[in-house]
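Peer 1: Here is my input; please provide its structure:
(chains A and B)
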Amino acid sequence: MSRTLSSLQLYLALIAGGAGMIGFIACLPTLDSSPIMASYFVLAGLSLLRLAMPFSLWLDGLLAAFGAAALLMSLTPDATLPLHFWLALFAAWAFAWLFVERLSSAIRAGDLPETGTGLVIPVVFGLALLVMWEVVTRGANVPPVLLPPPSAIWARLTSEVPTLWADFVQTFIKSVLPGYAIGCLAGLIVAIAVDRSPFLKAGVMPIGNFMSALPIIGIAPIMVMWFGFDWQSKAAVVVAMTFFPMLVNTVAGLNAASTIERDLMHTYAASYWQTLMKLRLPAAGPFIFNALKINSTLALIGAIVAEFFGTPVVGMGFRISTGVGRLAIDLVWAEIAVAAVAGSAFYAGVALIERGVTFWHPSVRGGRA
Amino acid sequence: MTRILPVLTILLAIIAIWYAAAIVMNAPWQERLNARADLVDVPFTEFAQQTWAQDKPVLPAPHQVISEIWNATVALDINSKRSLAYHGWITLSATLLGFAFGTTLGVLLAVAIIHNDASDRSLMPWIVASQTIPILAVAPMVVVGLGSVGMTGLVPKALISMYLSFFPVVVGMVKGLRSPEGIQLDLMRTYDANPWQVFWKLRWPAAMPFLFASMKVGIAISLIGAVVAELSNASGGGLGVRLLTGSYNGQTVQIWAALFIAAGLAAVLVAIVGSAEKWVNARMGARA
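Peer 2: As a prediction, the model looks like this:
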């Protein structure tokens, strides 16, 4: 367990410990006002003892966590923060980095299991980002109009649940899901139809490839004019945005079945439809799911942006554009958080179904898809 | 020829359907106009021509869009606020700057990820997660936020383009820089190559095809980012602003013209990256 540190880890350890020692000197004048910070500096400085005897990597994790806690607890409303505060932030950040470095090299060396601990690293990174965000926005008095701290966003998120829920229903349930379903289904059907005729395929594919690279989002104002302000126009934008990726991917996927497999179906005297349903569509599965995953994020983006061109007074895009206008930026961020969670969950849902359906594909069998 | 004929057929079919749809979609308004002007029993050919020549049609006919593009680019002074060339340039400059930022950031992140196990494990999941955040939805806020600290104009738009375009570059470059096989890395080791040499002489050339494939995707979405970022700042100009003002004033022809210019820009940019790819491949002696 106690392997020697690599040179990068050694530098990080020296930086973190050194920042702790300097911080202790810097906080001496205000010792009684921040006892927790002072004790953190003492512990951080003591970590330099590792040069004499090796420390467990979990101690670095604890030091990073303690540093984060000390920082968050000593944040006071609108006070200019002294030097030692920033030194503590620096030390905590270095400890977190050191922890992650040591953890990943331990996993690599086989000292720790991959499952479980592998998940700790991105979580630590995310938490460190959140703590930095909170500390810097509040510590440096960043105007909330520019970037509100996570705690303010969380407060808005919990106090505005009914509004956020109504927006979610309007945008996600009413616009995104029907548009996604129609667009993907239409793309799939057209792809199968196009696949039957080489002439159509040769004509449609370049145009399909071209269209999927274009800013289709620009049709949003046209759709709003055609289908009105409510969810129908947003669903129409989503249909247009999801159609072409699905078309292009499915046509590519239908070619995935090899000639020898098709010949085998031929010797079974399988009809066109039997070949399609039993061989070619399953073989196209990975491609179709690729399109479904791309479309899951595209659909949400399309619906939200389309709402900028006119909506009823509900919806995520509406709330974001009016929130920006009223400088209610914490509400906007709360809306973004909802959108991010909804988008990630949608993507994860599709990816989970993919694992179940195309379990035979190498990219799924490998585990890290 | 065997490739051009099918594409031309489909294009002609699309244009034919478009003209037919323009008649159907513009008909109700034209009938009302004619009824008000006491025009009865208009022959169909004349009625069709009327629907193709409305001021604010529901669906403008292709020739209306083309003449609007012509009038707003070639026929106008390039510095006029009504010129689409002027607005197109604003969008293009933000796109190019954002694309340059995004590609640089993407390559740097990819280099960090392949050389450091901890950054692979900690960064990669969050880079993927970052793309599920609808940045296009965040765009107006970023623009307004940066504007409130005095950053206006090109840079905020370019930052949004960057956010969108770095992702394909990271993913492609990580794959590309890891694409040299073990046997090739072993060969480098027998040459006693240092990491720097392994990078520049093996990994980087091996990653080139992946980089160009990513850049083709990246530049197209950079343009989308720039257009959407413009939606939030109507004073700045750009194709996004033309879309927005067209939408507010019901100027459908103007919207379609801006849309076609954006589409044309995207196509030209992707083609430029594609020809750069061919040139680099030829210089590096890659097989086509």
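
Peer 1: So which elements touch the longest helix along chain A?
Peer 2: If you go by DSSP state H, chain A has its longest helix at helix A:329-357. Packing contacts for helix A:329-357, counted by 3 or more Cβ pairs under 8 Å, 6 or more residues apart in numbering or on different chains; DSSP states H and E, involve helix A:150-159, helix A:161-168, helix A:281-306, helix A:316-325, helix B:135-148. (Each C-beta comes from the backbone N, C-alpha and C, glycine too.)

Peer 1: quick one: which of the ones you listed is nearest B:G182?
Peer 2: Proximity to B:G182 (Cβ to Cβ) singles out helix A:281-306 among these, at 25.7 Å.

Peer 1: ranges for the helices of the stretch 1-150 of chain B?
Peer 2: The residue ranges that make up the helices of the stretch 1-150 of chain B, judged by DSSP state H, counting those that start in this stretch, are B:4-36, B:44-51, B:62-73, B:84-115, B:117-130, B:135-148.

Peer 1: export those to a markdown table and tack on distance to chain A?
Peer 2: As requested, the helices of the stretch 1-150 of chain B are arranged in a markdown table below (distance: least, Cβ to the nearest Cβ, whole Å):
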| stretch | distance to chain A |
| --- | --- |
| helix B:4-36 | 3 |
| helix B:44-51 | 15 |
| helix B:62-73 | 12 |
| helix B:84-115 | 10 |
| helix B:117-130 | 4 |
| helix B:135-148 | 4 |
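
Peer 1: Those helices into CSV, with extra columns for mean neighbour count?
Peer 2: What follows is these, written out as CSV (neighbours: other Cβ atoms under 10 Å in any protein chain shown):
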stretch, mean neighbour count
helix B:4-36, 14
helix B:44-51, 15
helix B:62-73, 17
helix B:84-115, 21
helix B:117-130, 18
helix B:135-148, 22
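
Peer 1: I'd like the distance between whichever residue of the stretch 151-288 of chain B sits closest to chain A and B:G240.
Peer 2: Across the stretch 151-288 of chain B, no residue is closer to chain A than B:S247, which sits at 3.4 Å (Cβ to the nearest Cβ). Summarising the geometry, the distance separating B:S247 from B:G240, computed by Cβ to Cβ, to the nearest Å, is 11 Å.

Peer 1: more crowded one of the two?
Peer 2: B:G240 (31 against 21; other Cβ atoms under 10 Å in any protein chain shown).

Peer 1: Next up, the contacts around the more buried one.
Peer 2: B:T91, B:A226, B:V227, B:V228, B:A229, B:E230, B:L231 (Cβ atoms under 8 Å, 6 or more residues apart in numbering or on different chains).

Peer 1: Show the buried residues in these.
Peer 2: Burial of the contacts of B:G240 was assessed by neighbour count (16 or more other Cβ atoms under 10 Å in any protein chain shown); the buried members are B:T91, B:A226, B:V227, B:V228, B:A229, B:E230, B:L231.

Peer 1: mind checking which helix or strand the residue of the stretch 151-288 of chain B closest to chain A is in?
Peer 2: helix B:239-249 (DSSP states H and E).

Peer 1: and that helix, which residues are buried?
Peer 2: Of the residues in helix B:239-249, those buried by neighbour count under the rule 16+ other Cβ under 10 Å are B:L239, B:G240, B:V241, B:R242, B:L243, B:L244, B:G246, B:S247.

Peer 1: by how many degrees do that helix and helix B:62-73 diverge?
Peer 2: Orientation of helix B:239-249 against helix B:62-73 (axes from the mean of the first three to the mean of the last three Cα atoms, to 10 degrees) gives an angle of 120 degrees.

Peer 1: now the helix or strand following helix B:239-249, how far from the centre of its chain.
Peer 2: Beyond helix B:239-249 on the C-terminal side, the first helix or strand identified by DSSP H and E is helix B:252-283. For helix B:252-283, the distance from its own C-alpha centre to the chain's C-alpha centre is 8 Å (Cα atoms, centre = their mean, to the nearest Å).

Peer 1: ok, back up a step: the residue of the stretch 151-288 of chain B closest to chain A contacts A:S233, doesn't it?
Peer 2: No - with contacts defined as Cβ atoms under 8 Å, B:S247 does not count as touching A:S233, sitting 11.2 Å away.

Peer 1: so what sits against both of the two?
Peer 2: Once Cβ under 8 Å, 6+ apart is applied, the residues that B:S247 and A:S233 both contact turn out to be A:V224.

Peer 1: helices and strands of chain B: which one bottoms out on pLDDT?
Peer 2: Among the helices and strands of chain B, helix B:135-148 carries the lowest confidence by mean pLDDT, DSSP states H and E, at a mean of 72.

Peer 1: Which other helices and strands does that helix contact?
Peer 2: Contacting helix B:135-148 under the criterion 3+ Cβ pairs under 8 Å, 6+ apart are the following elements: helix A:281-306, helix A:316-325, helix A:329-357, helix B:154-177, helix B:204-230.

Peer 1: remind me which residues of the stretch 251-369 of chain A are low pLDDT?
Peer 2: When residues are selected by pLDDT under 70, those of the stretch 251-369 of chain A lie in A:362-369.

Peer 1: what do you get for the stretch 151-288 of chain B?
Peer 2: Going by pLDDT under 70, which is the cut-off in play, the stretch 151-288 of chain B has low-confidence ranges at B:232-235, B:286-288.

Peer 1: at 80 what do you get?
Peer 2: Across the stretch 151-288 of chain B, the ranges flagged by pLDDT under 80 are B:151-153, B:231-238, B:244, B:246-251, B:284-288.

Peer 1: hmm, back to that, quick one: residues in contact with the least confident helix or strand of chain B.
Peer 2: Contacts of helix B:135-148 from elsewhere in the structure, counted by Cβ under 8 Å, 6+ apart, are A:143, A:145-147, A:217, A:301, A:304-305, A:308, A:316-317, A:320-321, A:323-324, A:329, A:332-333, A:335-336, A:339, B:152, B:155-157, B:159-160, B:163-164, B:224-225, B:228-229, B:231-233.

Peer 1: one step back: for the residue of the stretch 151-288 of chain B closest to chain A, which non-adjacent residue is closest in space?
Peer 2: Beyond its immediate neighbours in the sequence, the residue positioned closest to B:S247 (Cβ to Cβ, 6 or more residues apart in numbering or on different chains) is A:P221, lying 3.4 Å away.

Peer 1: Format the helices of the stretch 1-150 of chain B as TSV; extra columns: distance to A:R156.
Peer 2: Conversion of the helices of the stretch 1-150 of chain B to TSV gives the following (distance: least, Cβ to Cβ, whole Å):
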stretch	distance to A:R156
helix B:4-36	43
helix B:44-51	50
helix B:62-73	43
helix B:84-115	30
helix B:117-130	21
helix B:135-148	14
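
Peer 1: If you average pLDDT over each of those, which is lowest?
Peer 2: Lowest mean pLDDT of those: helix B:135-148, a mean of 72.

Peer 1: tell me the angle of that one relative to helix B:239-249?
Peer 2: With the same axes, to 10 degrees applied, the angle from helix B:135-148 to helix B:239-249 works out at 100 degrees.

Peer 1: what about helix B:135-148, distance to the chain center?
Peer 2: 19 Å.
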